[in-house]
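Undergrad: Here is my input, please return the structure:
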Amino acid sequence: MKDRFGIGWRPELAAGILANLDRIDIIEVIADDYFDAPKFKCRALRTLARQVPLALHGVSLGMASSAAVEGARLDASARLIEEIEPEFWSEHLAFVRSGGIEIGHLAAPPRTEATIAGAARNLATAKKIVGALPLVENIATLIDPPASAMSEADWTREILAAARCDLLLDLHNLYANAINFGFDPRRYIDRLPRERVRGIHLAGGRWIKAPSSGASRLLDDHLHDVPQAVYELLEYAEEKIPQPLTVVLERDGRYPPMEALLGQLDRARAVLARGRPAAQAEAA
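TA: Model prediction:
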């Protein structure tokens, strides 16, 4: 197996993706978009999965919470996975609801033993219902979670160990958190169990001002090109991780020409080609 490079499926990009499958190794689809979709859309997705490797990416389960994950959402995920037969599925280390209230976005929970235990329970439930563990993804946050007792890297590592699951490492989320909260993203990568990293997300963002303090924050918005700093993190990660990775470019709006997105994938390929010899030598 070798490194693979893909892109997130969006209706606005569908024509460009289908016309360039020779340059795309894998497609990532937002699972939640198909939970209540008409049958013909699911059949079309299944057909697509027969043409190119496909991964399902969840956004609403809220795995990293002391509250139990909703059974109805897991059932919907299980049905979709059974029908589509993706290569793998993934979800975020986040919470999205509490006390029956939907927050409306991915939120970072306090990094405590309680949320580690809650995430492990939720992931065990997911494995039981779906039949396979998801890759779990680190998220970006504009607020350092209050009442946290450990660093993000250590918290993530403890969840991976407790749940025995693998990581989808979002490098722009990592970069944004490192910038916003003053830590070294390379040391975060160093703290991860390298054998657990199976996927990479690439994206871009923009600077915003906090309305109260006026302080600048880097927002992960998926509306901008992958910045140079994220490519540098990709090369650093590749120097540390010898196993093949699946690298997916995420874009949710302000779409450039398809050739520009494919160019970002090509750049990621070139970056990994540089980092691979060092990783393989260290592993040996």
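Undergrad: drop to CA atoms for contacts and neighbour counts, all remaining ones
TA: Will do.
Undergrad: Helices of the protein, start to end?
TA: 14-18, 39-51, 71-84, 113-130, 152-163, 171-181, 185-191, 228-240, 258-283 (DSSP state H).
Undergrad: residue contacts, A153?
TA: Counting by C-alpha atoms under 8 Å, 6 or more residues apart in numbering, A153 touches Y188, I189, R191, L192.
Undergrad: how about 7 Å then?
TA: A153 makes contact with Y188, R191, L192, according to C-alpha atoms under 7 Å, 6 or more residues apart in numbering.
Undergrad: What sits closest to the second one if chain neighbours are left out?
TA: This points to R191. Nearest residue to R191 in three dimensions, chain neighbours excluded: A153, at 6.2 Å (C-alpha to C-alpha, 6 or more residues apart in numbering).
Undergrad: Could I get the pLDDT score of that neighbour?
TA: Predicted confidence (pLDDT) for A153: 97.
Undergrad: and if you look at A281?
TA: pLDDT, read off for A281, is 60.
Undergrad: Please apply the same query to the one 3 residues further on.
TA: What the model reports for A284 is a pLDDT of 55.
Undergrad: And the residue nearest to R191, how far from R111?
TA: Applying C-alpha to C-alpha, to the nearest Å, the value for A153 to R111 is 10 Å.
Undergrad: thinking again about what came up before, dump the helices of the chain into JSON lines; add distance to H222 as well.
TA: Output for the helices of the chain, formatted as JSON lines (distance: least, C-alpha to C-alpha, whole Å):
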{"stretch": "helix 14-18", "distance to H222": "17"}
{"stretch": "helix 39-51", "distance to H222": "23"}
{"stretch": "helix 71-84", "distance to H222": "24"}
{"stretch": "helix 113-130", "distance to H222": "26"}
{"stretch": "helix 152-163", "distance to H222": "22"}
{"stretch": "helix 171-181", "distance to H222": "9"}
{"stretch": "helix 185-191", "distance to H222": "19"}
{"stretch": "helix 228-240", "distance to H222": "13"}
{"stretch": "helix 258-283", "distance to H222": "12"}
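Undergrad: got the contact list for stretch 125-136?
TA: So stretch 125-136 is contacted by 74-75, 77-78, 89-93, 123, 165-168 (C-alpha under 7 Å, 6+ apart).
Undergrad: So for S213, which of the helices of the chain sits nearest?
TA: Evaluated over these, closeness to S213 peaks at helix 171-181, with 13.7 Å, by C-alpha to C-alpha.
Undergrad: returning to what we had before: could you dump the contacts of stretch 125-136 to CSV with neighbour count, pLDDT and distance to P134?
TA: Output for these, formatted as CSV (neighbours: other C-alpha atoms under 10 Å; pLDDT from 0 to 100; distance: C-alpha to C-alpha, whole Å):
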residue, neighbour count, pLDDT, distance to P134
L74, 19, 96, 11
D75, 15, 97, 14
S77, 24, 97, 11
A78, 20, 97, 11
W89, 23, 98, 5
S90, 22, 98, 4
E91, 24, 98, 6
H92, 25, 97, 9
L93, 26, 97, 11
L123, 27, 98, 8
C165, 18, 98, 7
D166, 23, 98, 8
L167, 27, 98, 9
L168, 23, 98, 9
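Undergrad: ok, of these, which one's closest to L54?
TA: Proximity of those to L54 (C-alpha to C-alpha) peaks at W89, which lies at 9.1 Å.
Undergrad: Now that closest one. Nearest residue, chain neighbours left out?
TA: Sequence neighbours aside, L56 is the residue nearest to W89 in space, at 4.6 Å (criterion: C-alpha to C-alpha, 6+ apart).
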